[in-house]
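The following block contains a protein sequence and its predicted model.
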Amino acid sequence: MSEGRTSAVLTGLGTCLPERIVTNEDLAGRLDTSHEWIHSRTGIARRHVADPGTSTADLAAAAGRAALESAGRSDCDLVVVATTTPDRACPATAPAVASALGLTGAGAFDLSAVCSGFVYGLSVAAAMITAGTSRSALVIGAERYSAIVDPEDRGTAVIFGDGAGAVLLEGGDADVPGAVLRTELGSDGTGNELITVPPGERYLRMQGREVYTRAVPTMVESARRIAESVGWRPEDIDAFVGHQANLRILESVAKRLGMPPGGLITNIEDVGNTAAASIPLALAQAADQGRLQRGDRVVLTAFGGGLTWGSAALHWPDVRPVHR
Ligand code: COA
């Protein structure tokens, strides 16, 4: 089937979560909200928050180092950092991350697709490996939402968390577990006011209810298309790993998709919405818990600001996540 074609194969998985944990109770102490409201509406119980001295590049480098270690590698020739919260408007975060990893000389760029950033990065890096432009790539989703969330806005302050997750992709055979089988990307800029840091302002504004309404059908359609494109029926999907924005969104997508119960992977309770970092963080927790087994048919689907969305399909490889 592969005819010797080079594919991008996921060979390493790493994460970095800041040590400090903020619980719903902590937030209820200073905002007009409650653990019950947050947990029942979102599924979130706690999130990690970076100290002011920790940058997005720090989180990204730690997750990237962990992904290299997980793959037993010390280098790669491309570093893609998907982030909504770059440390500076200019230059990009990725070159600093590459150098922090001892990879000065590697191609390095940032990618801005908000909560879909990881799937966008995976798609671009996989295509570059398949095209022969790169031999191996770190795809890192890294976020410090605490820098752009208004601490007084209960509509967003309870949702977002900080963290980073990364995968290493290497050229390999299209038939091996871990080979990225197919990706798809989409956008609808008519919705770009729904999740935005308005020009000249510091904080993120989100029309949560409207985003929710659009997220569910878009994620269902994207997941269904990617499954079909690789010849899987919804009931063939062993694990659905959606962007962790809201547990109710994920449950509703899984139900409408008609996939087997038990295949929905979620870690939102422990980390909140970590935007571009959310899918690799969820993959790592699921792999640690033994919920992802070699050969499982895995669908990744993201949706977020832009509006943007995307999906990827792969068979799960033998990979041991490393945490920093
Ligand atoms: N605590 C208590 N009450 C809150 C609250 C909080 N943290 N946040 C909002 N409320 C209130 C609202 O003021 C509103 O009160 P009202 O009915 O008196 O006007 C009520 O709860 C319902 O607000 P609403 O925004 O309609 O709630 P919701 O059920 O849609 O939940 C989100 C809000 C943000 C959790 C939900 O819309 C969501 O998850 N949206 C999707 C986010 C997303 O996918 N983002 C994409 C990627 S980043």
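Good, I have the coordinates. Residues are numbered from 1 along each chain as shown.

Let me see the contact set for the closest residue to the ligand within the stretch 1-150 of the chain.
Going by Cβ to the nearest ligand atom, the ligand is nearest to residue 33 of the stretch 1-150 of the chain, at 3.2 Å. All C-beta spots, glycine's among them, are computed from the backbone N, C-alpha and C. Counting by Cβ atoms under 8 Å, 6 or more residues apart in numbering, residue 33 touches 24, 27, 154, 158.

The same query, at a cut-off of 7 Å, please.
By Cβ atoms under 7 Å, 6 or more residues apart in numbering, the residues touching residue 33 are 27, 154, 158.

Buried ones among those residues?
Buried members of these, counted by 16 or more other Cβ atoms under 10 Å: 27, 154, 158.

Adding distance to residue 119, write those residues out as JSON lines.
Listed next are the buried ones among the contacts of residue 33 as JSON lines, based on distance: Cβ to Cβ, whole Å:
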{"residue": "27", "distance to residue 119": "29"}
{"residue": "154", "distance to residue 119": "29"}
{"residue": "158", "distance to residue 119": "25"}
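
just checking, residue 253 is part of a helix?
Yes - using DSSP: H, G, I helix; E, B strand; the rest coil, the assignment for residue 253 is a helix.

That one: how many residues sit nearby?
Residue 253 has 24 neighbours, counted by other Cβ atoms under 10 Å.

Quickly note the distance from it to residue 30.
Distance of residue 253 to residue 30, computed by Cβ to Cβ, to the nearest Å: 32 Å.

can you check residue 263 too?
Distance from residue 263 to residue 30, counting by Cβ to Cβ: 38 Å.

same deal with residue 140?
Per Cβ to Cβ, residue 140 is found 32 Å from residue 30.

which of those two has more neighbours?
residue 140 (38 against 11).

what pLDDT does the closest residue to that one other than its chain neighbours get?
The shortest distance from residue 140 to any residue other than its chain neighbours is 4.1 Å, reached at residue 166 (Cβ to Cβ, 6 or more residues apart in numbering). Per-residue pLDDT puts residue 166 at 99.

ok, now residue 228?
98.

Can you list the helices and strands that the strand or helix carrying it packs against?
Assigned by DSSP states H and E, residue 228 falls within helix 208-229. Where contact means 3 or more Cβ pairs under 7 Å, 6 or more residues apart in numbering; DSSP states H and E, helix 208-229 is packed against strand 180-187, helix 247-257, strand 297-304, strand 308-315.

and with 8 Å instead?
Judged by 3 or more Cβ pairs under 8 Å, 6 or more residues apart in numbering; DSSP states H and E, the packing partners of helix 208-229 are strand 180-187, strand 239-242, helix 247-257, strand 297-304, strand 308-315.

if I look at residue 145, how far off is residue 276?
Distance from residue 145 to residue 276, by Cβ to Cβ: 10 Å.

Could you check which of the two is surrounded by more residues?
residue 276 (34 against 25).

Go ahead and confirm that one touches residue 142.
Yes - in this structure, residue 276 is within contact of residue 142 by Cβ atoms under 8 Å, at 6.8 Å.

Single out the residue in the protein that lies closest to the ligand.
Residue nearest to the ligand within the chain: residue 208 (2.8 Å; Cβ to the nearest ligand atom).

Quick check: closest non-adjacent residue to that residue.
Nearest non-adjacent residue to residue 208, counting by Cβ to Cβ, 6+ apart: residue 155, 5.7 Å away.

Using CSV, list the CA coordinates for whichever helix or strand that neighbour is part of.
For residue 155, the element it lies in under DSSP H and E is helix 154-157. Only the C-alpha atoms of helix 154-157 are listed here, as CSV (Å, rounded to 0.1, in the frame of the first residue of the first chain):
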residue,chain,number,x,y,z
ARG,A,154,-15.2,34.7,34.7
GLY,A,155,-16.1,33.6,31.2
THR,A,156,-12.5,32.9,30.3
ALA,A,157,-10.5,32.9,33.5
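
Only the buried residues of that helix, if you could.
Using 16+ other Cβ under 10 Å as the test for burial, helix 154-157 gives 154, 156-157.
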